[in-house]
Structures are given as structure tokens and as C-alpha cells.
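Colleague: quick one: sequence and predicted model below, then my questions.
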Number of protein chains: 2
Amino acid sequence: MARDTTQVKAEGTETPKRGSGSAHVYKVLRNEIIDLALAPGSPMDELQLAERFSLSRTPIREALVRLSVEGLITTLPNRATIVSNIDFLNLSQFFDALTLMYRVTTRLAAGHHNPDDIARMRAKQEEFTRAVDARDALALIATNRDFHLEIARAGGNNYYTELFTRLLDENRRILRLYYSSFNDELPRRYVIEHDQMIAAIAARDIEEADRLASAHAEQIVTQIQSYITADKRVNAKLPL
Amino acid sequence: MARDTTQVKAEGTETPKRGSGSAHVYKVLRNEIIDLALAPGSPMDELQLAERFSLSRTPIREALVRLSVEGLITTLPNRATIVSNIDFLNLSQFFDALTLMYRVTTRLAAGHHNPDDIARMRAKQEEFTRAVDARDALALIATNRDFHLEIARAGGNNYYTELFTRLLDENRRILRLYYSSFNDELPRRYVIEHDQMIAAIAARDIEEADRLASAHAEQIVTQIQSYITADKRVNAKLPL
DNA sequence: TCCGAAATTTCTGTCGACAAATAAAATACA
DNA sequence: TGTATTTTATTTGTCGACAGAAATTTCGGA
């Protein structure tokens, strides 16, 4: 019973606040999808979700539409909507876009940032370092995402930040598949690379920031690729 | 009465087809927003739209959520949802992203295309040329968009195609403001540049394709900028 | 026992209605 | 006459219900 997720009580158990219903459902489901608490392919029954969140089907439906636009779920017309599969066939597209966004956002951050941005990056980097020290693979994946999003925000281009968010979330979903095979080597290197990136951005050295971002992206891409090729059950994940 | 758009009859007046209601509303509204038939800031009354499309509020609402996620409309909580303003303050973000997508998609097309792709590009380019010959500014804007989207599709990266679609639609919206001030010079040049781009892509000359895409983007950006600076009523469009 | 058609069930898409929240109008007061 | 407050009206957010489509089950025939 993969869909038997724990009941979610409305936060505070007080005023559920008019209009917040669908937003709440959206956030919860989104996190569950990204964290793979809801497996790709698992059905999203509206009636079941309505019961779980103690809401009518209408706000549930609104949340599902939002998720659908973002590509996190797929709706079969007149049939069940399911959690979107991770598309292992188009991974190269994904890697290409991810690398480009790493580079572009880092470049922009190097050019556009203000002191507050650097402070925020350092804070996120500290969280990331803590996750590495604690050998908490899940927190590591999440904080790494947040760190790079902070750079994107500092870059100040919303079009890039939005696409990058999507890509990093998808990345988080993929990495989540392999979190058990994490070793200690790579994360250590990531900590160092992150520090270098912050330094280059703070120094407004665009070319150096770009170089570091490229190398960092390369690391992550090859890491994922090695996980995938090492996975003997790869055929189990290929959507047919 | 800017919102008094012509009544839309269900296509064919036959079977409205279950499940197509909201999709239809979405498409129609999307086009009207992009074509500026619905002016930025104009309210999207659900009841009014329901009456206009002869539907209940539910499918209307679903379409509005879709548009909202794409940023085409803005929803004030518990209040009217309005057509999003064109953000003249963040134009540089827009130009930056547009230029990058022009370049990246053209590069990918030069590397990934197959013969069918070239044929499709030529077809779109022919439509564009016809619009230029007919001095039809509106068709010119639309067919230019379609031409470049065809290149993006040939490139084969859905992440880029999606972002590029958004950017080109936003561009179409901006250009629509200035269609009356179009002269004959620039479109002629665009026809030539488009032909050169097709040739470079067909020859799989990635660097040349990139160079042409950059130049093309530069043209368009400076064109828009000159329109904006020449517009004395610029303050009327600044969202306050 | 196995296969195909009919019946049933399940779930989505749509509808009309009600309640909360905001905006607009009306009223009271200085 | 101008401003603050109450009242009304409009509009969104949510709900329960119904009808159509698919999937599932049941039933009949070979």
C-alpha cells in the first residue's frame, strides 16, 4: 500500500483560513512527489485525497491542476491522474539544461549580487555542510538544492530561477533514488566547490564563477550517470 | 468596454466532448491575452466567463488556474483575478533569457535536426515571408514566433522549448503594443536572417548558427528598446 | 475451462448552491 | 458638506451531487 500516507492534520487545528486549502494540498503533494514518498506511476485518487485532507474534491482538483502544469503529475483524460515517471530516456536533455542553468545563474549572481545575497548563500552553505557532516543523505540533497537556488535568486532573473527550480527538483527526485549508495567522498568535494563558488561570486569574478559552475555541474552529471549505469535494475525503471 | 469580447460558440455546435471544456476555455483565453484582446489589468470575472462559454464556473476556474501558473494572469486572493501586466521594469531579464534561448535552441537544432525538421522550418519561414509581403504586422509577429518554436522543437530539448514558448509569447504580447509603428525595413532583414539560420542549421554548422541567432536576438532586442524609448506614453504602461 | 458480451462499479468532469470575504453603497454624525 | 460607520451587493472559495467514461466484474456460451 504505497499510497497509504499518514493523515495530514490541518496546521494548528484552528482556522484553516479560507483559500489556503488548495495551496496547502499543493505544497504537501509536491513535497511528497519530490521526496518520492509518492512513487512515480502511483495514482492520485481525488476522492481519497479529499478524505485525507478533509476537504472537498474542488480544492484537491485545483492543486492537481497546478501540479499537472508543472509536469509533476500526468492526467489521463477521464482516467486516473498519476505521478509522472522519471524520464530516463531524456536524461541528456535534462543534463544539458541543468548544466546551462548552473552556469547562467552563477554568472548572473557574480554580476548582480548584493551583500545580503552573499550572507544568504553562506547560511545555506552552512546548512549543507551540516548535512554532510551528519552524513544525512536526504538533507544533503535538499540543502544542496536550496544553496543553488539561493545563487539563482541572487542572479535576479526570474525566468532562469523558475526553470532552475524545476530542474533541481527533478534532480532531487532522481538522486533520491540513489541516496543509499552515497559515499562520503563527493559531498566533501561539493562543500569545497561551493565555498569556491561563493568566493568567486563575492569577488564578482564572472569567468571564474562560470568555470566553477561548469565543473560542479559536470561532477553532478557524472555522479548520476555512474549511479544509473551501476544500477542493475535499470530496466525496471525504463518506462515502456 | 474592453472586456466585451465577441461571444464564443462551442466549435461545431455538436458534441462539446466531455473534458474538453476547460481546455477550450484555456486556449481561447490564452490567445486573447497574448493578442492583447484582453488588456493587461482587465479583470477576469468567473461568472461572466461562465456565461460567455456557456459553462459552469468549475471548468472556467480550472482554465484560470492553468493561466495563473504560467503567469499570464494574476490572482488577488478572494478578489478579482486580472490579466498580468507586462513588466517593463524587468525587461532586461526578459531580453537576457530570450537571447540565451535563441542561441541555445538554434545550436541544438544545428546538431540534432533531421530532414523533416528542415522541411517544417521552411514551411514556417514561407508563412513568415507571406506575412511580410502582405505587410500584415500581426501575422508577422505570430509567424515569427512559430518559426523560432519550430527550431526549438528540432533542437529536441523540452525544457528549452517550454521556456522559449513562454518568452516568445511574452515577446508577442510586447510587440503587439507597437505593431502600428512597424516599418518595412526590419522584417525584410528578418526574412534574410531566417534563411541564413535555416542554411546554417541544415549544414550542421553550430557556431555559425549560434552567431546568427545572437545577431537575430540583438536585432529584436534593440528593435523593442527603440520602440519603448520612442514611446512618449511610456509612463502610462509602468505598473505602479 | 476459457473467451467474449453485458452489467456493475468506480472515478472523473461538470453543475448549481451556499458561505466567507471583500468592495460598493447608504446612512449617520460632526 | 465631508468623513466614519453600517448595510448591501458582488464575487470568490468550497461543497455535495449528478452524469458520462473507463475499468472491472459477472454471466453465458463454446
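Modeller: Perfect, thanks for sending it.
Colleague: tell me how far the helix or strand residue A:209 falls within lies from the chain's centre.
Modeller: Assigned by DSSP states H and E, residue A:209 falls within helix A:206-230. Put simply, helix A:206-230 sits 16 Å off its chain's centre (C-alpha atoms, centre = their mean, to the nearest Å).
Colleague: distance of residue A:193 relative to residue A:202?
Modeller: Shown here: residue A:193 relative to residue A:202, a distance of 15 Å by C-beta to C-beta, to the nearest Å. For glycine as for every other residue, the C-beta is placed from the backbone atoms N, C-alpha and C.
Colleague: also residue A:68?
Modeller: 40 Å.
Colleague: equivalent analysis for residue A:87, please.
Modeller: Distance of residue A:87 to residue A:202, computed by C-beta to C-beta: 37 Å.
Colleague: repeat that for residue A:126.
Modeller: Computed with C-beta to C-beta, the distance linking residue A:126 and residue A:202 is 15 Å.
Colleague: and the two? Which one has more around it.
Modeller: Set residue A:126 next to residue A:202 and count neighbours by other C-beta atoms under 10 Å in any protein chain shown: residue A:202 wins out with 17 against 12.
Colleague: surely the more buried one meets residue A:118?
Modeller: Yes. Between residue A:202 and residue A:118 a contact is recorded at 5.2 Å, counting by C-beta atoms under 8 Å.
Colleague: tell me the helices and strands packed up against the helix holding residue A:209.
Modeller: Under the contact definition 3 or more C-beta pairs under 8 Å, 6 or more residues apart in numbering or on different chains; DSSP states H and E, helix A:206-230 sits against helix A:91-112, helix A:158-177, helix A:185-202.
Colleague: ok, the one helix or strand residue A:26 maps to near DNA strand D or not?
Modeller: In the assignment (DSSP H and E), residue A:26 maps to helix A:20-34. Yes. Using C-beta under 7 Å from any atom of the strand, helix A:20-34 comes into contact with DNA strand D via A:20, A:21, A:22.
Colleague: restrict the residues you listed to those near chain B?
Modeller: Checked against chain B using C-beta under 8 Å from any C-beta of the partner chain, the residues of helix A:20-34 next to DNA strand D give no members in range.
Colleague: center of chain A - which residue?
Modeller: residue A:169 (1.9 Å; C-alpha atoms, centre = their mean).
Colleague: residues contacting it?
Modeller: Residue A:169 makes contact with A:34, A:145, according to C-beta atoms under 8 Å, 6 or more residues apart in numbering or on different chains.
Colleague: gap between it and chain B?
Modeller: Distance of residue A:169 to chain B, computed by C-beta to the nearest C-beta, to the nearest Å: 12 Å.
Colleague: likewise residue A:67?
Modeller: Residue A:67 sits 10 Å away from chain B, going by C-beta to the nearest C-beta.
Colleague: how about the helix or strand that contains that residue: buried residues?
Modeller: According to DSSP H and E, residue A:67 maps onto helix A:57-69. By neighbour count on 16 or more other C-beta atoms under 10 Å in any protein chain shown, the buried set for helix A:57-69 is A:59, A:60, A:61, A:62, A:63, A:64, A:65, A:66, A:67, A:68.
Colleague: ok, stretch A:106-117 next?
Modeller: Neighbour counts over stretch A:106-117 (16+ other C-beta under 10 Å) mark A:106, A:107, A:108, A:109, A:110, A:113, A:117 as buried.
Colleague: count the neighbours of residue A:78 for me.
Modeller: 7.
Colleague: where does pLDDT dip in chain A?
Modeller: A:1-16, A:184, A:231-240 (pLDDT under 70).
Colleague: looking at it, which residue is nearest DNA strand C?
Modeller: residue A:46 (3.5 Å; C-beta to the nearest atom of the strand).
Colleague: that residue: neighbour count?
Modeller: Residues near residue A:46, counting by other C-beta under 10 Å: 16.
Colleague: that one against residue A:57, yeah?
Modeller: Yes. Counting by C-beta under 8 Å, residue A:46 touches residue A:57, with 5.0 Å between them.
Colleague: mind checking how far residue A:141 is from residue A:174?
Modeller: For residue A:141 relative to residue A:174 (C-beta to C-beta), the value is 10 Å.
Colleague: what do you get for residue A:153?
Modeller: 23 Å.
Colleague: and chain A, which residues reach DNA strand C?
Modeller: Counting by C-beta under 7 Å from any atom of the strand, chain A sits next to DNA strand C at A:17-18, A:43-47, A:57-58, A:61, A:75, A:77-81.
Colleague: the same query, at a cut-off of 6 Å, please.
Modeller: Proximity of chain A to DNA strand C, by C-beta under 6 Å from any atom of the strand, involves residues A:18, A:45, A:46, A:47, A:75, A:77, A:78, A:80, A:81.
Colleague: which residues does the third one contact?
Modeller: Taking C-beta under 8 Å, 6+ apart as the criterion, residue A:46 is in contact with A:57, A:60, A:61, A:64.
Colleague: ok, the last one touching residue A:73?
Modeller: It stands for residue A:64. Yes. The criterion here is C-beta under 8 Å, and residue A:64 meets it with residue A:73 at 6.4 Å.
Colleague: quick check: neighbours shared by the two?
Modeller: A:44, A:81.
Colleague: looks to me like residue A:79 is in a helix.
Modeller: No. With DSSP: H, G, I helix; E, B strand; the rest coil as the criterion, residue A:79 is coil rather than part of a helix.
Colleague: and the gap between it and residue A:60?
Modeller: Residue A:79 sits 17 Å away from residue A:60, going by C-beta to C-beta.
Colleague: quick one: terminal-to-terminal distance for stretch A:196-208?
Modeller: This stretch, stretch A:196-208, spans 9 Å end to end (C-alpha to C-alpha, to the nearest Å).
Colleague: buried sites along that stretch?
Modeller: For stretch A:196-208, burial by neighbour count (16+ other C-beta under 10 Å) applies to A:196, A:197, A:198, A:200, A:201, A:202, A:206, A:208.
Colleague: export the residues you listed to TSV and tack on distance to DNA strand D?
Modeller: Supplementary listing: the buried residues of stretch A:196-208 in TSV, determined by distance: C-beta to the nearest atom of the strand, whole Å:
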residue	distance to DNA strand D
A:196	45
A:197	40
A:198	40
A:200	43
A:201	39
A:202	42
A:206	42
A:208	46
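Colleague: out of these, which is nearest to residue B:163?
Modeller: Residue B:163 lies nearest to residue A:206 out of these, by C-beta to C-beta, at 22.2 Å.
Colleague: follow-up on the earlier one: each with direction, which strands does the helix or strand following the helix holding residue A:26 pair with?
Modeller: For helix A:20-34, the following helix or strand on the C-terminal side (DSSP H and E) is strand A:43-44. Sheet pairing for strand A:43-44, assigned by DSSP bridges, gives strand A:81-83 (antiparallel).
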